[in-house]
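[1] Show me the folded form of this:
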Amino acid sequence: MRTSACLRLACGPLAFGAAWSATTANAASPTIVRVPVHSRVSGADFSLEAFVYRPATKGKHPLVLLSHGSSGGNPKMELPQQELAGFFTNRGFVVIAAMRRGRGKSGGVSLESEEKDCDPGSWKQGLAAAFEDVTAALDFAGKMPDVDAGTVLLVGESRGGFLSVAYAAEGARRIRVRGVVNFVGGWVAQAEDRCPTDFNQISFGRYGAETRLPELWLYGDHDPFYAASSIRDYQRAFISRGGKLSFALISGVPGNGHWLPGYPGLWSGKVESYLASRWLATPAGGHLGKAN
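    Numbers count the residues shown, from 1 in each chain. Predicted coordinates for the structure are as follows:
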């Protein structure tokens, strides 16, 4: 992704505050931790900055791993995702939001290019590095005493939404994943790049063939990075290869459709229904069981 606009929610959280405060309480202040990574992709050892949020209830809890989007030209900006974390801690989840390599105060060098490249193979290294970071975060969180390591929900915004779908299909710890919530997901800005082959579309088709996990995809209409027709193509590509999907293209997002995650009034009911179908999680923080 290039930096021609307010990319990947880089300036969104400031605009989103009023929408969140009217709808749901923020999470408590996070515990900031360092997640060790031994990277085969880059041949280096380093650690990731991560924010851990906990519900008020005691005992074991399912885990949400939040994945952020691309940097929008500001790779050192931290994205603790406190508001989105609060939505899930209020529903009984422990949440870890890890900054991938080279982002925020994380070590390492980001391999996630944000420049136009119409060679689909050019994105492989960046995705492989992102997979390593997700695996490291899951392994770290899985050792926390209040986490049920075998019950994981992947939630991502923008590039992080794409990553969540990809990891559920191909990630090293995918057996632990019980659900995916993809907000406005895409690895490349097809509406900007206009590549003859849409990397998002061909990838979503492959992932649909590789997983039978029911997922929830939420997109906003008038997204500057993917046309509505492309978003529909992503949905069809995933389903046509056997993927299971609940999907909504939501209109009325203030500003533009890519800012959808900051307006829970537009999507909270859909996420709650999905959680009920997968976990039977309760607003009071109960964790009643797993879905198959």
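[2] average pLDDT for stretch 38-48?
    For stretch 38-48, the mean per-residue pLDDT is 96.
[3] gap between that stretch and the chain center?
    Averaging C-alpha coordinates over stretch 38-48 and over its chain gives two centres that are 21 Å apart (Cα atoms, centre = their mean, to the nearest Å).
[4] Check which residues of it are buried.
    Residues of stretch 38-48 classed as buried: Ser39, Val41, Ser42, Phe46, Ser47, Leu48 (neighbour count, 16 or more other Cβ atoms under 10 Å). Quick note: C-beta positions are derived from backbone N, CA and C, even for glycine.
[5] Tell me how many other residues crowd Tyr226.
    Other residues near Tyr226 come to 25 when the count uses other Cβ atoms under 10 Å.
[6] pretty sure it contacts Val188?
    No - shown here, Tyr226 and Val188 do not form a contact pair, counting by Cβ atoms under 8 Å, at 9.1 Å.
[7] which neighbours do these two share?
    Among the neighbours of Tyr226, those also in contact with Val188 (Cβ atoms under 8 Å, 6 or more residues apart in numbering) are Asn200.
[8] re the thing from before, what is the nearest of the buried residues of stretch 38-48 to Phe162?
    When the buried residues of stretch 38-48 are ranked by distance to Phe162 (Cβ to Cβ), Val41 comes first, at 17.8 Å.
[9] does the closest one really touch Glu132, like I thought?
    Yes - Val41 lies in contact with Glu132 (Cβ under 8 Å); the separation is 5.9 Å.
[10] before we move on, back to that, reformat the buried residues of stretch 38-48 into a markdown table and put distance to Gly265 and secondary structure next to each item.
    A markdown table is the format used below for these (distance: Cβ to Cβ, whole Å; DSSP: H, G, I helix; E, B strand; the rest coil):
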| residue | distance to Gly265 | secondary structure |
| --- | --- | --- |
| Ser39 | 40 | strand |
| Val41 | 39 | coil |
| Ser42 | 41 | coil |
| Phe46 | 39 | strand |
| Ser47 | 37 | strand |
| Leu48 | 32 | strand |
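[11] of the residues you listed, closest to Arg241?
    Checking those against Arg241 with Cβ to Cβ, the nearest one is Val41 at 26.6 Å.
[12] Helices of the stretch 1-150 of the chain, residue ranges please.
    Assignment of helices within the stretch 1-150 of the chain using DSSP state H, counting those that start in this stretch yields the ranges 12-21, 82-89, 124-142.
[13] Ok, which of those comes nearest Ser106?
    Nearest of the helices of the stretch 1-150 of the chain to Ser106, taken as Cβ to Cβ: helix 124-142 at 8.2 Å.
[14] For this structure, just list every one of the strands.
    The residue ranges that make up the strands of the chain, judged by DSSP state E, are 31-39, 44-53, 61-67, 94-98, 147-157, 177-183, 215-220, 245-250.
[15] Roughly how far does Arg100 sit from Leu266?
    Between Arg100 and Leu266 the computed distance is 27 Å (Cβ to Cβ, to the nearest Å).
[16] oh sorry, the question was meant for Met99
    Summarising the geometry, the distance separating Met99 from Leu266, computed by Cβ to Cβ, is 26 Å.
[17] Quick one: low-confidence residue ranges for the chain.
    1-27, 280-292 (pLDDT under 70).
[18] hey, what's the residue nearest the centre of it bridged with?
    In the chain, the residue lying closest to the centroid (Cα atoms, centre = their mean) is Gly156, at 1.0 Å. When bridges are called by DSSP bridges, Gly156 pairs up with Ser67, Asn182.
[19] List the residues that contact the closest residue to Leu260 other than its chain neighbours.
    Here the nearest residue to Leu260 in space, its sequence neighbours aside, is Gly220; by Cβ to Cβ, 6 or more residues apart in numbering that works out to 3.7 Å. Contacts here follow Cβ under 8 Å, 6+ apart; on that basis Gly220 touches Val184, Leu249, Ile250, Ser251, Val253, Asn256, Gly257, His258, Trp259, Leu260, Leu266.
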